[in-house]
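[1] When you get a sec, could you give me coordinates for this:
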Amino acid sequence: MSIYTKIASRLLFPLHEQFKGHHTRAILRELEASQWQSAEQLQAQQLSRLRSLLTSVSVSVPYYHDFFRSKRLQPGEFRSLDDLAQLPVADKTLIRAHMGEWRAAGTERLSRHSTSGSSGEPLHFLLSKRRISFDIAAKWRATRWWDVDIGDREMVLWGSSLETSAQDRIREIRDRLLRSRLVPARDLNAQRIDEILYEIRRFRPRMLFGYPSVLARIAMHARERQQKMDGLGIRVAFCTSEVLRPEWRSLISGTFGCNVANEYGARDAGLIARECPHGGLHITAEEVVVEIVDEAGHSLPSGIEGDILVTNLSGPEFPFIRYRTGDRGIMSSHRCACGRGLPLLESVSGRANDGLIARDGSWVHGSAINHVLREIPGLLSYQVVKDSATEVTILLCLEQPLGEEGAIRLVHHTKRLLGSEVIVSVQCVAEIPPEANGKFRHIICRVDHPIAQSTTSPILEAQS
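    A predicted model of the protein is given here:
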């Protein structure tokens, strides 16, 4: 660790957090100790914090006060984390409908935030300084797993306008002192990517942070231009906000000569999990309880994919309890080789609505077609769009031609999943743009809203 990094991490950033009224440094010390506790000790800690959370919300949050009273529930009756099943599943729709009843009575100085709106209308919510402090400390701890720290050169390649539009003069000064550089990464044409690659070479960051689709696109451009980027001293690329696809991980790692760490979190739910150098996707157990459930909200065992529910234990002022994130994942029963007692997610497979409607009305998860697409040689990125009840468009960005045989095989596989009468159009394109918020979606179902006529040229269009 350099002298400047020590000054930034031990003095400048703690002073910054203290000035903002955050207790980040103290929480970090607690987290760095508790991560080595046993799984049983961490579960006991979670249960204790859950009872405290429920005691608070059952008294001060009108929605939960009424619910506990109507069900004759007492927080002290929660004997295990499994008892969370007695509480309702919350989602954005429920919170919006009861917005006036969701804030704890008597709370002040809460800051207003919102989700990016990638799944539809954004959710506006409130956070306390302690909840924000916990989120920052959890991320800080997980960053240090990779032998990097606040004060090391960091380049943040970000597509969402929520962050980039909020960058003012004060934030610029703070980022300069902490050696963190925010680089807007929207509208990635060839000229813009060249500019970003130049900035990376000049800045020589020790860590990258951003959407995996953005990092992969920049890495691919560098490879195409034969620009060597693997000798700059980049140690790790943290990927967030999208599913980290295997082909993206390989491309980023190979181009920049660095490790790649997956992160799963959300503005509303908090930092849910981050990957350690041993490959374990560790849940921030001190702050969140993660459940994997079926559509009815019933718990599923480890190894079975289901919807992800998150209970944030540090935010009673505006609670997220059994909150449906909109993502699907699998819980792991294994322990990580790193020795931390933090529980593991085996995988996060993407949005719960990342599925396709078959011709007979059944729902087909995107993973049923994703694994076939990822086997295509030279695949850089892809997108499957359900244009109508009988039409599917598959966009492929490839390093090499697909060929008619490969296209026919892909069409036949898609028809087996969705119905033989479905029209499947496979199109090779130079690039696949992200959504308006900068995020990338692999599966888009627009059955009720057909997209405009594509301007790309189909290499194959098959119809039975």
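[2] For the rest of this, base every contact and every neighbour count on C-alpha atoms.
    OK.
[3] Can you list the buried residues in stretch 62-75?
    Judged by neighbour count (16 or more other CA atoms under 10 Å), stretch 62-75 contains these buried residues: 62-65, 68, 75.
[4] what residues does that stretch touch?
    Judged by CA atoms under 8 Å, 6 or more residues apart in numbering, the contacts made with stretch 62-75 from elsewhere in the structure are 51-52, 54-55, 57-59, 98, 101-105.
[5] any idea of the mean pLDDT in it?
    Along stretch 62-75, the predicted local confidence has a mean pLDDT of 96.
[6] Verify the contact between Phe209 and Arg235 for me.
    No. Counting by CA atoms under 8 Å, Arg235 is not a contact partner of Phe209; they are 11.4 Å apart.
[7] Make CSV from the buried residues of stretch 62-75 and add secondary structure to it.
    What follows is the buried residues of stretch 62-75, written out as CSV (DSSP: H, G, I helix; E, B strand; the rest coil):
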residue, secondary structure
Pro62, helix
Tyr63, helix
Tyr64, helix
His65, helix
Phe68, helix
Pro75, helix
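[8] Closest one to Ala39 out of these, please.
    Pro75 (22.8 Å; CA to CA).
[9] how close does that closest one get to Leu11?
    40 Å (CA to CA, to the nearest Å).
[10] can you list the weak-confidence ranges in this protein?
    116-122, 159-168, 186-187, 351-355, 362-363, 365-367, 370-371, 374, 435-440, 447-464 (pLDDT under 70).
[11] give the contact list for the residue most central in space within it.
    Among the residues of the chain, the one closest to the centroid is Ser241, at 3.3 Å (CA atoms, centre = their mean). For Ser241, the set of contacting residues under the criterion of CA under 8 Å, 6+ apart consists of 211, 263-266, 439.
[12] cool, and Arg204?
    Contacts for Arg204 (CA under 8 Å, 6+ apart) come out as 153, 232-234.
[13] Any chance of the backbone angles for it?
    Backbone torsions of Arg204, given as degrees, to the nearest 10, read phi 50, psi 60.
[14] picking that back up, so of the contacts of Ser241, which ones are in strands?
    Judged by DSSP state E, these include 263-266 as members of strands.
[15] Considering these, which possesses the most neighbours?
    The member of the ones in strands among the contacts of Ser241 surrounded by the most neighbours (other CA atoms under 10 Å) is Glu263, with 26 neighbours in all.
[16] Tell me how many other residues surround the closest residue to that residue other than its chain neighbours.
    Spatially, and ignoring its direct neighbours in sequence, Glu263 is nearest to Arg274 (4.3 Å; CA to CA, 6 or more residues apart in numbering). Arg274 has 27 neighbouring residues, counting by other CA under 10 Å.
[17] So Arg274 sits against Trp140, correct?
    No. With contacts counted by CA under 8 Å, Arg274 stays clear of Trp140, the gap being 10.9 Å.
[18] Would you map the helices across the stretch 1-150 of the chain?
    Counting by DSSP state H, counting those that start in this stretch, the stretch 1-150 of the chain has helices at residues 3-7, 13-19, 24-34, 39-60, 62-71, 92-97, 129-144.
[19] what residues does the longest one touch?
    Helix 39-60 is contacted from outside by 34, 64-68, 75-76, 78-81, 104-106, 285-289, 313-317, 319, 341-343, using CA under 8 Å, 6+ apart.
[20] what angle sits between that helix and helix 24-34?
    For helix 39-60 and helix 24-34, the angle between their directions (axes from the mean of the first three to the mean of the last three CA atoms, to 10 degrees) works out to 140 degrees.
[21] What ranges does the stretch 101-250 of the chain have for its strands?
    Residue ranges of the strands in the stretch 101-250 of the chain, as given by DSSP state E, counting those that start in this stretch, are 111-114, 124-127, 154-158, 180-184, 207-210, 236-239.
[22] what would the contacts of Arg204 look like in JSON lines with distance to Pro184?
    Below are those laid out as JSON lines (distance: CA to CA, whole Å):
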{"residue": "Arg153", "distance to Pro184": "17"}
{"residue": "Leu232", "distance to Pro184": "21"}
{"residue": "Gly233", "distance to Pro184": "22"}
{"residue": "Ile234", "distance to Pro184": "19"}
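[23] Can you pick out the most distant pair from those?
    Taking CA to CA as the measure, the contacts of Arg204 reach their widest spread between Arg153 and Leu232, a distance of 11.5 Å.
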